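# Generate coordinates for the sequence data below:
(one chain, ligands or ions: 1)
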Amino acid sequence: MFNVNAALLLLAISLGAEPVSADFVLKNGTLFDGSGRPGVVGDAAIKGERIVAVGNFTVAGNPKTIDCTGLFIAPGFIDLHTHSDEPLLHPETRANLNYLRQGVTTVVTGNCGLGPTNVAVYFEELRNGGVGSNVIHLIPHNNLKAQVMGNVSRLPTAKEMAEMERLIDKGMNDGAWGISTGLIYNPGTYSKTEEIIALAKVVAKHGGIYASHIRGEGSTVLDSIEEALRIGREAGLPVHISHLKASGRSVWNGKAAEAVGLIKQARASGQAVTADQYPYIASSTSLRATVVPPRFREGSQEDFVARISNKETGPKLRKAIEEHLQQNQNGADLRIARYQRRPEWQGKDLVTIAEMEAKTPLDIVLEIEKNGGAQIVHFSMSEDDVRLIMKQDFVATASDGSAMVPSSTVPHPRGYGCFACKIGRYSIEDRALPVEQAIRSASGLPADILKLPERGYLRPTFFADIVVFDPKTYRDTATYDRPHQYANGVKWLFINGKCVIENGADKSPLAGRVLKHREK
Ligand SMILES: [Zn+2]
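The predicted structure follows:
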């Protein structure tokens, strides 16, 4: 953790008569320190890569002074849940501009059990290419398991378990912050709880966390949270529930409140458990993970296609898909986000597409799946539940999106708008929760969840990851129909002391760093 004595000493100096030597002084803004305390008017100073003073102080020399009157000054936002692993390695998306424009300075990759398994190689590639924001990585259970066992529905052998444990140990030594699972995806969906407990024990040894896209987010959400809690208890590490929700119309009658209650109860009993959320009523994942049960998804794409035409499995598979479509208004709740074979389907729901094509929604699903699948936007949550979850003090804000640049796809708007939607729209405009809490959910809280030292708070000696935004204009503009639109209102953004947004204009100097976990 950060050095408390050094911080207090610097704070004392900054409050005393000794003038502060600085490169930048952010003057007369409302300071939110990330702790959840209400904002106070004051200044913040940056020298090199560090914050050197916060509050009221005098300045030595001739630093660049930025008038922040009427603006909010906050710790740069930390997104605990992104799928930016691949995009951050590509030249066109590595600047991570859709996140910088929201005030995000650090993103976590490797979520939902998906991402690169070789942490050292991934970090090296990020460093070689340069990256727009800081990056933290989790070891992805699905990719790790697939690498060792393939996409199979069976228990791992002792040898396979030992190999998975070895790879996790290596990943943690190489700087990963924990492990993530995605228990609706392949092959993790075939894992028994005991397998995950054994693997999480290796992570616990290194002081890492267990982050999980739990086994079910609908009718089985409570059992699934119980499973995550058990893994945390038996492996001895903090549990983090990714994108907490009650998914599906049939569970809009109080399941979210029960889920919140269950987590609160575990916290009250002393267990380390937290969650995150993106503030939207739609989720987004693959069509297959949404409408095809795991028992039909073993093996390769060829295996899957053969199963569709097989006399025995075909009718069962169709029936299962049909049931899932019925639970989603026959497909009206499912919109195609990305399907390159028929770009004109992107942005349209399955009922609309079926009408266009004079087919049934089931026909459309089968056609897409035979061709390798599609990404969808899934209108699966109730607004009341979204608001209930966002108010909880253990819920961080996290996008579940990825680094992208405008294109012809119609993805979920969360990758462009998540933080501005939560802080700007829900908190500042709608007053759904206090702004100091909304800011904490995007800064101090995610830093605490990761046990991330020297970031997440506006404190002297901490790294200068700082966002300055205008509360009147800080809003998301990305919509479900037009998602490729940057957020408004971020005036200044500093990452590791470097100015990356200057008076509202992008400078994008790839100021991010790979942040390696080190055992305390
Ligand atoms: Zn997920």
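# for residue 336, what are its contacts?
Shown in contact with residue 336 (CB atoms under 8 Å, 6 or more residues apart in numbering): 287, 345-350, 353, 368, 374-376, 410. (Each C-beta comes from the backbone N, C-alpha and C, glycine too.)
# tell me which parts of the stretch 51-200 of the chain are close to the ion?
Contact residues (CB under 5 Å from the ion) of the stretch 51-200 of the chain with the ion: residue 112.
# swap the cut-off to 8 Å and go again
81, 111-112, 182, 184 (CB under 8 Å from the ion).
# Let me have the contacts of residue 336 in TSV, extended by pLDDT and neighbour count.
Putting the contacts of residue 336 into TSV (pLDDT from 0 to 100; neighbours: other CB atoms under 10 Å) gives the following:
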residue	pLDDT	neighbour count
287	97	24
345	98	23
346	97	20
347	97	19
348	98	16
349	98	21
350	98	28
353	98	25
368	97	23
374	97	23
375	96	18
376	97	30
410	96	23
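# now the residues of the stretch 51-200 of the chain next to the ion: which count as buried?
Buried by 16 or more other CB atoms under 10 Å: 81, 111-112, 182, 184, out of these.
# so which strand or helix has the residue in the stretch 401-520 of the chain that the ion sits nearest to?
The minimum distance from the stretch 401-520 of the chain to the ion, using CB to the ion, falls at residue 401 (11.2 Å). Using DSSP states H and E, residue 401 maps to neither a helix nor a strand.
# hang on, isn't residue 395 packed against residue 386?
No: judged on CB atoms under 8 Å, residue 395 makes no contact with residue 386 at a distance of 10.8 Å.
# how close does the closest residue to residue 238 other than its chain neighbours get to residue 204?
Once flanking residues are discounted, residue 238 sits nearest to residue 272: 3.7 Å by CB to CB, 6 or more residues apart in numbering. From residue 272 across to residue 204, the span is 11 Å (CB to CB, to the nearest Å).
# do residue 499 as well
Taken as CB to CB, the span from residue 499 to residue 204 is 39 Å.
# Spatially nearest residue to the residue nearest the centre of the chain (excluding sequence neighbours)?
What sits nearest the mean C-alpha location of the chain, by CA atoms, centre = their mean, is residue 81, with 1.5 Å. With sequence-adjacent residues excluded and distances taken as CB to CB, 6+ apart, residue 81 is closest to residue 398, at 3.6 Å.
# Could you tell me how many residues sit around that neighbour?
32 (other CB atoms under 10 Å).
# can you map out the helices along the stretch 351-500 of the chain?
With DSSP state H, counting those that start in this stretch, the ranges of helices along the stretch 351-500 of the chain come out as 361-370, 383-390, 414-419, 435-440, 444-450.
# Dump those helices into CSV; add distance to the ion as well.
Listed next are those as CSV, based on distance: least, CB to the ion, whole Å:
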stretch, distance to the ion
helix 361-370, 20
helix 383-390, 15
helix 414-419, 12
helix 435-440, 22
helix 444-450, 16
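# Please look at residue 394 and residue 275 and confirm they touch.
Yes: at 6.2 Å, residue 394 counts as touching residue 275 under the criterion of CB under 8 Å.
# more crowded one of these two?
With neighbours defined as other CB under 10 Å, residue 394 and residue 275 compare such that residue 275 has more, 26 against 21.
# Could you report the separation of the residue nearest to residue 81 from residue 335?
Taking CB to CB, one finds residue 398 at 22 Å from residue 335.
# Could you show which parts of the stretch 301-450 of the chain are in contact with the ion?
So the stretch 301-450 of the chain meets the ion at residue 400 (CB under 8 Å from the ion).
# any low-confidence regions in the stretch 1-150 of the chain?
1-17 (pLDDT under 70).
# Show me the helices in it, by range?
4-15, 97-100, 119-129, 141-149.
# contacting residues for the residue in the stretch 301-450 of the chain that the ion sits nearest to?
Nearest to the ion, among the residues of the stretch 301-450 of the chain, is residue 400, at 6.1 Å (CB to the ion). Residue 400 makes contact with 81-83, 111, 242-243, 278, 283-284, 412, 414, 418, according to CB under 8 Å, 6+ apart.
# try 7 Å
81, 243, 278, 414 (CB atoms under 7 Å, 6 or more residues apart in numbering).
# pLDDT value on it, please?
Listed pLDDT for residue 400 reads 98.
# most packed of the helices of the stretch 351-500 of the chain?
helix 414-419 (a mean of 30; mean count of other CB atoms under 10 Å).
# so how many other residues sit close to the nearest residue to residue 415 once chain neighbours are set aside?
Closest residue to residue 415 apart from its sequence neighbours, by CB to CB, 6+ apart: residue 401 at 2.7 Å. By other CB under 10 Å, the residues close to residue 401 number 27.
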